[in-house]
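A.B. asks: Show me how the following folds:
(2 chains)
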Amino acid sequence: MATHTTTITTRALTGAIALLSPLLVPIHAHAQNAKDADVAALRAQIAELDQKLRVLERKNEIKDEEAAAKAPTTPKVTASDKGFSIASPDGAYTFKLRGLLQADSRWFLNDGGQTSNDAFVLRRARPILEGTVGLAEFLFVPEFGGSTTSIQDASVNFVFDKSLQLKAGKFKSPVGLEQLQSDASAFFIERSIVTNLVPNRDLGVQLGGDLFDERVSYAVGVFNGLADGGNSTNADFDDEKSVAARVFVQPFRNSPDSVLQGLGFGLAGSFGNQESRSGLTGGYRSDGQQNFFVYRPVNTAAGAANSNIIADGDSVRVSPQAYYYNGSFGLLAEYVQSSTDVRDAGTGANANRRATIDSRGWQIAAGYVLTGEDSTFKGVTPAQPFNWANGTWGAFEVVARVARVDIDDKAFPIFANRATSASSAKTVGGGINWYLSRNLRITADYAHTEFDGTTSAILKNGEDAILTRFQVAF
Amino acid sequence: MKTKLLSLALALASTLALPAKNIELLNVSYDPTRELYTEFNAAFSKHWQAKSGDTVTVKQSHGGSGKQSRAVIDGLQADVVTLALAGDIDPLSEVGKLLPATWQSRLPNNSSPYTSTIVFLVRKGNTKAIRDWDDLVKPGVSIITPNPKTSGGARWNYLAAWEFAKRKYGSDEKAQEFVGKLFKNVPVLDSGARGSTTTFVQRGVGDVLLAWENEAFLALKEFGSDKFEIVTPSLSILAEPPVTVVDKVVKKKGTAEVAKAYLEYLYSEEGQDIAGKNFYRPTSEKAAAKYASQFAKVQLFTISEGFGSWANAQKAHFADGAIFDQIYLKK
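C.D. replies: Here you go, the predicted model:
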C-alpha cells in the first residue's frame, strides 16, 4: 500500500513538472539574461574604473616627467645650516648668503682699579656674500662690528683647477695657522698672542691650490705688505711689496684608518720691505685685547724728544706650524719669528738710529669635545643639537692654551717705552665651548697673562680676563 | 728638376692642406620626428663626408613643438629647427631675433620638405564606432590629444576639428561649441604628440588618439595592426612642418654652410625617400608617387584656406586668453 501511494505521488510530481516545465524555461532564461546583463554592467563599470585609474596614473607620470624636464632649467634654492643659496641648474653660477655675529663681553679681575675695561662688545657682525661666476669664486665680507665699518674680505678666485687657483683682492695672508682658521671655529674667543706677529688680511694676488689628492696645499702671493697683526686699510703707503708663501702637508689625510689622518704640518713665511710708520704694528694685544707692546708714538716736540719711529727696511717672518686632530681631541701649535727693520725718522736725539727688532712667539692650544663629537680645524658639529623639549644638549668642548711672545730688547728704550710696553707676555688660559648646534655657540674663556720687561704698573699687575661670547655663524 | 720642384711643392702643399673637420649640428625638432631624423642624419653625414671630407654629427632634440620653440628662444643652441608648424618658428624671428622674418621663403614649398595630416588611431575593432569628427564628441568617447599650448600636432588636431565643424554646422560659434565638446572628452593632456601616443598606445588610456599620420603609421608598425587601426576622417588639415637654419646660432658656431646643406638635403631624392619611408608625405613628385599607395585619400584643407595664416590662427585660438584657454578653462 505504501509503495503504491509513493508511486502515485511520484507520478503526480512528474506529471506536475511536465506540466510546469514549459512555464519554468522562460523564468530560467529570464534569470540568465538578468545575470548576463549584470555581468555586462559590471564589466563596463570595471572598464570605466580601469580607465579612470589609468588616467590618474598617466597624469601622475606626466607630472613627474614635467618635473624631471624642468629640473635641468630650474635654479636650486636652498636654505640650510650652511646658509642660504641660489644656484643655476648646472651649479656654474651660485650666490650664497652667510653670516657671522659675535656678541662678546670682557671682564678683568684684579685690574688695579681700572674703570674702563669691563665691557660688552660687538666683536664681529658680518654678512658674508659668496658665490661662483663660472670658474671664478668671489667673496665679499663687510664688517659692521667694532667701532668702524670696513671691508674684511673682497676677493675673486679663479679656479682653473683644484691645483691651480689665482686669487686677487683682499684676503688672509697665508702665514699664521690660527689666523687662517675661521673666526667662528677657533678653540678660543680670541686668537693667541702669537697671532700678533703675523699679517692678517692684505691686498694682493696669490697663486694656490691643492696637490696630491689634497694632501699638500700651497699658496704664494704678492701683497702690499703689512705690519705684524696688521689688517689692510685698502691702501698702501709705499712702493714696496711683500711676498708671502705657505706649504702645508697632511700626509695621511686620505687614510681613514690611520691615527695620523688628522695630522697636518707646514711652513709659512713672508718677506718684504716697509718704508713707513704703517709698517709698524699698531700694537700687540693680550687675550683681553689690551695693548702690551707699541712702538713709541710720533713726538713732534722740538729738540731731543722729537721722534718718529718708522719701518725702514726688511720685514721677515717665518712660521713652522702644525695641528693634529683625532676624534674628540684637537691640538694646534705654531711658532712665529718676525723681524722688522726700524728707524727713528725724527729729528731728535735718536734721529736715524736703526735696529732690527726680532720678536718671536709660540702657542700650543688643545681642545677636547666632552660629548664625543669630532674636533676639527673647521670646528665642532654637535651630533644632537640642543633641544630643550627632547632633552638634547648639543656638544661641549673644553680648551686650554699656553702662549708666549718675546719682543727684542733692542726695541727698548729708543723705539718702544717700557712705561707703556712689555718685552714679553706669557699666557695660560682655559675655556669651555657649548655648541648648541652647528650654527650656535656659547663660549666662556679665562686667560691669565704675565708681562715682563715693563715698568707699567698695570702691565706688571698681569691680566686676568674672563671673556664670553654668544655666536651665530651660518 | 722642374718635376722635382713641383713634387716638392705639392708635398708641402698637401701637408699644409686643412685637415678634415668634425662638425656638430643640433636639430631641434618636434615630437614624432625622432625616427625620421635618426635615419636622415645618418644619410646626410655620409653624403657630407663624401662631398667635403668633413665629419658631421647631428644631435637631435625632440619635444612639443611650442615648447621646443621657447627653448631655442631661451638659448638652446639649435643650428636648425624642424618644427611642427610655421607658427612655432615665427617667434624665433619676432621674439628671439634669431633669424629673418622672411625665413619661410628661403627653401621650396614654404620651407616644408614634407607634409602630413591628422588621422584617428583607434583600438582594433573600433568598439566606439569612430568614423569621423562627429563621433568624437559623443558622450563616453575618450579622446587623447596633446596640449595645443605646447604641441604643434595638437594645434593641427584642434584646427582640423574646428574647420570640420565650421563647414558642417556653418559658423565659428558652432565650431567653438563643437571643439569645446571634443575637449570635454579629453581626460589627459600631454605636452607633445609622442607623449600622447604613449598615453594611448602604451598606457591604454582612451578610445581614440588624434595623431599625426606618420605617428599613427609608426604605432601600427611598432605595436601591430592587430591592436590598432587607422581611421581617416572625411576632412583633415594639410600639415606643413617647416624647417629653417637658425642664423644667429650658425653664425656664432661657424656652421652656416653645413646647416644649410643639411636642410637642402631634405629636398634631395634620398631625403624625400626617407621622408616617405617614415610615413611623411614627400613633396617631390617622384617620391610622392612612390609612396602614394600607403596614404588614404582624404580631403585636405590648408591653414590659409581655413584660417588665413598661422599668425591669425595663433592669435585667435592659442594665444593666452584666446579661444582654447576659454574652452579648456571652462572644462
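A.B. asks: near chain A, which residues of the stretch 101-250 of chain B show up?
C.D. replies: Counting by C-beta under 8 Å from any C-beta of the partner chain, the stretch 101-250 of chain B comes close to chain A at B:142, B:187-188, B:190-191, B:195, B:199, B:203-206. Placement of C-beta: from N, CA and C, glycine included.
A.B. asks: Weed out the non-buried ones from the residues you listed.
C.D. replies: Buried members of those, scored by 16 or more other C-beta atoms under 10 Å in any protein chain shown, are B:142, B:187-188, B:190-191, B:195, B:199, B:203, B:205-206.
A.B. asks: Flag whichever of these scores worst on pLDDT.
C.D. replies: Taken together, those show their lowest pLDDT at B:S191, with 88.
A.B. asks: looking at it, that residue is touching B:P146, isn't it?
C.D. replies: Yes - using C-beta atoms under 8 Å, B:S191 is in contact with B:P146, at 6.4 Å.
A.B. asks: Need the overlap of contacts for these two.
C.D. replies: B:G64 (C-beta atoms under 8 Å, 6 or more residues apart in numbering or on different chains).
A.B. asks: Now, the residues of the stretch 101-250 of chain B next to chain A that are in strands?
C.D. replies: Assigned to strands by DSSP state E, none of those qualify.
A.B. asks: Any chance you could list what contacts stretch B:170-187?
C.D. replies: By C-beta under 8 Å, 6+ apart, the residues outside stretch B:170-187 that reach it are A:51, A:55, B:133, B:136-137, B:141-145, B:158, B:161-166, B:169, B:205-206, B:323, B:327-328, B:330-331.
A.B. asks: which of the residues in that stretch are buried?
C.D. replies: Neighbour-count burial for stretch B:170-187 [16+ other C-beta under 10 Å]: B:175-176, B:178-183, B:185-187.
A.B. asks: Nearest to chain A, out of those: which one, please.
C.D. replies: Distance to chain A, by C-beta to the nearest C-beta, is smallest for B:P187 among those, at 4.5 Å.
A.B. asks: now the strands: where do they sit in the stretch 101-250 of chain A?
C.D. replies: Assigned by DSSP state E, counting those that start in this stretch, the strands in the stretch 101-250 of chain A fall at A:119-133, A:136-143, A:150-161, A:164-172, A:201-211, A:216-223, A:242-249.
A.B. asks: Need those in CSV (columns: mean neighbour count).
C.D. replies: Formatted as CSV, these follow (neighbours: other C-beta atoms under 10 Å in any protein chain shown):
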stretch, mean neighbour count
strand A:119-133, 16
strand A:136-143, 18
strand A:150-161, 16
strand A:164-172, 19
strand A:201-211, 19
strand A:216-223, 19
strand A:242-249, 20
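A.B. asks: Now the residue in the stretch 1-150 of chain B that chain A sits nearest to: closest residue in space, sequence neighbours ignored.
C.D. replies: Residue of the stretch 1-150 of chain B nearest chain A, by C-beta to the nearest C-beta: B:S142 (6.4 Å). Closest residue to B:S142 apart from its sequence neighbours, by C-beta to C-beta, 6 or more residues apart in numbering or on different chains: B:G206 at 4.3 Å.
A.B. asks: Next to chain B, which bits of chain A? Give me the list.
C.D. replies: A:51, A:54-55, A:57-59, A:61-62, A:65-66, A:69, A:73.
A.B. asks: Only whichever of those residues are buried, select them in PyMOL.
C.D. replies: Those of the residues of chain A next to chain B that count as buried under 16+ other C-beta under 10 Å are selected in PyMOL with:
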select buried, chain A and resi 51+54+55+58+59+61+62
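A.B. asks: In helices, which of the residues of chain A next to chain B fall?
C.D. replies: Among the residues of chain A next to chain B, DSSP state H puts A:51, A:54-55, A:57-59, A:61-62, A:65-66, A:69 in helices.
A.B. asks: Low-confidence stretches in the stretch 101-250 of chain A?
C.D. replies: Residue ranges of the stretch 101-250 of chain A with pLDDT under 70: A:112-116.
A.B. asks: Report the contact partners of the residue of it found nearest chain B.
C.D. replies: For the stretch 101-250 of chain A, the residue closest to chain B is A:G134, as judged by C-beta to the nearest C-beta, at 15.4 Å. The contact partners of A:G134, by C-beta under 8 Å, 6+ apart, come to A:92-93.
A.B. asks: Would you check how far apart it and A:D213 are?
C.D. replies: Distance of A:G134 to A:D213, given as C-beta to C-beta, to the nearest Å: 25 Å.
A.B. asks: A:D257 now?
C.D. replies: 16 Å.
A.B. asks: Tell me how many other residues crowd A:N306.
C.D. replies: For A:N306, the count of nearby residues is 17 (other C-beta atoms under 10 Å in any protein chain shown).
A.B. asks: who's in contact with it?
C.D. replies: Here A:N306 is in contact with A:299-300, A:346-348, A:351 (criterion: C-beta under 8 Å, 6+ apart).
A.B. asks: Also A:R317?
C.D. replies: A:175, A:197-199, A:228, A:268-271, A:336-339.
A.B. asks: so who does the residue in the stretch 351-474 of chain A positioned nearest to chain B touch?
C.D. replies: For the stretch 351-474 of chain A, the residue closest to chain B is A:F474, as judged by C-beta to the nearest C-beta, at 33.8 Å. For A:F474, the contacting residues are A:81-83, A:98-99, A:439, by C-beta under 8 Å, 6+ apart.
A.B. asks: Give me the buried entries from the residues you listed.
C.D. replies: Buried members of the contacts of A:F474, scored by 16+ other C-beta under 10 Å, are A:83, A:98-99, A:439.
A.B. asks: Just the closest of those to chain B, please.
C.D. replies: Checking those one by one against chain B (C-beta to the nearest C-beta), the nearest turns out to be A:G83, at 28.8 Å.
A.B. asks: wait, doesn't that closest one sit right on A:L97?
C.D. replies: Yes - using C-beta under 8 Å, A:G83 is in contact with A:L97, at 5.9 Å.
A.B. asks: between those two, what contacts are shared?
C.D. replies: A:I128.
A.B. asks: where do the strands sit along chain B?
C.D. replies: So, for chain B - with DSSP E - the strands run B:22-30, B:55-63, B:80-82, B:114-115, B:118-123, B:143-144, B:208-212, B:228-231, B:235-237, B:243-245, B:281-282, B:299-301.
A.B. asks: Dump those into CSV; add mean pLDDT and mean neighbour count as well.
C.D. replies: Below are those laid out as CSV (pLDDT from 0 to 100; neighbours: other C-beta atoms under 10 Å in any protein chain shown):
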stretch, mean pLDDT, mean neighbour count
strand B:22-30, 95, 21
strand B:55-63, 95, 17
strand B:80-82, 98, 27
strand B:114-115, 96, 24
strand B:118-123, 96, 24
strand B:143-144, 97, 26
strand B:208-212, 95, 27
strand B:228-231, 95, 17
strand B:235-237, 96, 24
strand B:243-245, 97, 26
strand B:281-282, 96, 24
strand B:299-301, 96, 15
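A.B. asks: could those strands be laid out in JSON lines, adding distance to B:P91?
C.D. replies: Below are the strands of chain B laid out as JSON lines (distance: least, C-beta to C-beta, whole Å):
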{"stretch": "strand B:22-30", "distance to B:P91": "13"}
{"stretch": "strand B:55-63", "distance to B:P91": "15"}
{"stretch": "strand B:80-82", "distance to B:P91": "11"}
{"stretch": "strand B:114-115", "distance to B:P91": "22"}
{"stretch": "strand B:118-123", "distance to B:P91": "23"}
{"stretch": "strand B:143-144", "distance to B:P91": "27"}
{"stretch": "strand B:208-212", "distance to B:P91": "22"}
{"stretch": "strand B:228-231", "distance to B:P91": "33"}
{"stretch": "strand B:235-237", "distance to B:P91": "21"}
{"stretch": "strand B:243-245", "distance to B:P91": "12"}
{"stretch": "strand B:281-282", "distance to B:P91": "26"}
{"stretch": "strand B:299-301", "distance to B:P91": "24"}
